[in-house]
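S.K.: Structure for this input, please:
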Amino acid sequence: MMTNIALSLEACTQLNIPYEMLHSEESLYRIKLNNKVYYFANDTTPVNSQAIAYLLKDREYIYYVFKNKLKVPKTLAFLSPLISKDTLKRYLDYPTIEQMIEMVKLNFTMPVILSKNTGADRKNVFLCQEIAEVENAVRQIFNDRNYDSVALVREYVEIEKQYSAIALYNELVLLYEKGINQPKLGDKVISGEAENAVGKQITNPDILAAIGKFIQPIFQEIAEAKYFRCNIAVDKSGQYWLMSMTSKPNYRFFLKHNDAQIAVEIFKKLIQGLPDC
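M.R.: Numbers count the residues shown, from 1 in each chain. Got it, this is the predicted structure:
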């Protein structure tokens, strides 16, 4: 059973809310509250719209929404010139990889981070310290078995610390320390969770207040986002950066180091708030 399904089912049990399992692999169930039906499937919950879910998974969209509100790494996305669908080719602003490289030269100073635009895994994330490395990284992203039709170029932020913040109904409900899972100067590529990372829950009121203040513009700009996680970096000068977001917070890493009841309480609050969504 998937982690989020197990946690939300435990929340239903503790709230005495009946549920109906609909799939043999226990990946889909529904509940009824006030004569309205709500579905939980895999990592998804019924609180966010499809549009919000799409926005939060797209790093380029996040940049354009928040670039004037928060510190977000400068971001530029390129559609692959190798795409075969004619319906997509009209969106090719830069028909060749060489033209893409020229745009990187015009908009960024080295180093930069190259990655695919969407996806939860950390495959094909490169730190490019020279422009020649940018071209190699772009070609790998567009040709690799972990293919993405969009390559993302981002400003490099030298991270000292990184947090995951989970918000529910316009309130910070959980903050924990996260390993730094991006290349450092001298590295070339990273894949997977940061080595020896410990998802320590943060209870320090000063840090909670600072992060809570930092994410306020998110609540103001996309109030329709009822439930999300954002990864927040702290740079060498102590400034906060919004690095990424998702509408599907997953607790697998957090549960390796913390009591599952902490996450269950979040799902209890989520379920209790459903009639007001």
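S.K.: At which residues are the strands of the chain located?
M.R.: Ranges of strands in the chain, per DSSP state E, are 19-21, 28-33, 36-41, 75-79, 112-116, 125-128, 150-155, 159-168, 172-178, 189-190, 227-235, 240-246.
S.K.: pLDDT weak spots in the stretch 51-200 of the chain?
M.R.: Residue ranges of the stretch 51-200 of the chain with pLDDT under 70: 82-92, 118-123, 144-148, 180-198.
S.K.: Leu79 touches Leu152, doesn't it?
M.R.: No: counting by Cβ atoms under 8 Å, Leu79 stays clear of Leu152, with 11.0 Å between them. Where C-beta positions appear, they are placed from N, C-alpha and C, glycine not excepted.
S.K.: Please say which of the two ends up with more neighbours.
M.R.: Remark: of Leu79 and Leu152, Leu152 carries more neighbours, 23 against 19, as counted by other Cβ atoms under 10 Å.
S.K.: Identify the residue spatially nearest to that one, adjacent ones excluded.
M.R.: The shortest distance from Leu152 to any non-neighbouring residue, by Cβ to Cβ, 6 or more residues apart in numbering, is to Asn117 (4.6 Å).
S.K.: Pull the number of nearby residues for the one you found.
M.R.: Number of residues near Asn117 (other Cβ under 10 Å) recorded here: 19.
S.K.: Compute the distance between it and Val47, please.
M.R.: Per Cβ to Cβ, to the nearest Å, Asn117 is found 24 Å from Val47.
S.K.: cool, Leu33 as well?
M.R.: Leu33 is 13 Å from Val47, where distance means Cβ to Cβ.
S.K.: what touches both of these two?
M.R.: Shared contacts of Leu33 and Val47, defined by Cβ atoms under 8 Å, 6 or more residues apart in numbering, are found at Leu274.
S.K.: Looking at those two, which one has more neighbours?
M.R.: Using other Cβ under 10 Å as the criterion, Leu33 and Val47 rank with Val47 on top: 20 against 13.
S.K.: follow-up on the earlier one: of the strands of the chain, which approaches Gln261 most closely?
M.R.: Minimum separation from Gln261 across the strands of the chain (Cβ to Cβ) falls at strand 172-178, 12.1 Å.
S.K.: mind listing the helices for the stretch 1-150 of the chain?
M.R.: In the stretch 1-150 of the chain, the segments counted as helices under DSSP state H, counting those that start in this stretch are 3-14, 50-57, 59-66, 86-89, 97-107, 131-143.
S.K.: The first one versus strand 36-41: what angle between them?
M.R.: When you say that, I think you mean helix 3-14. Interaxial angle, helix 3-14 versus strand 36-41 (axes from the mean of the first three to the mean of the last three Cα atoms, to 10 degrees): 140 degrees.
S.K.: With the second one instead?
M.R.: Computed with the same axes, to 10 degrees, the direction of helix 50-57 lies at 30 degrees from that of strand 36-41.
S.K.: cool, the fifth one as well?
M.R.: Angle of helix 97-107 versus strand 36-41, following the same axes, to 10 degrees, is 110 degrees.
S.K.: Which strands and helices lie in contact with helix 97-107?
M.R.: strand 75-79, helix 131-143, strand 150-155 (3 or more Cβ pairs under 8 Å, 6 or more residues apart in numbering; DSSP states H and E).
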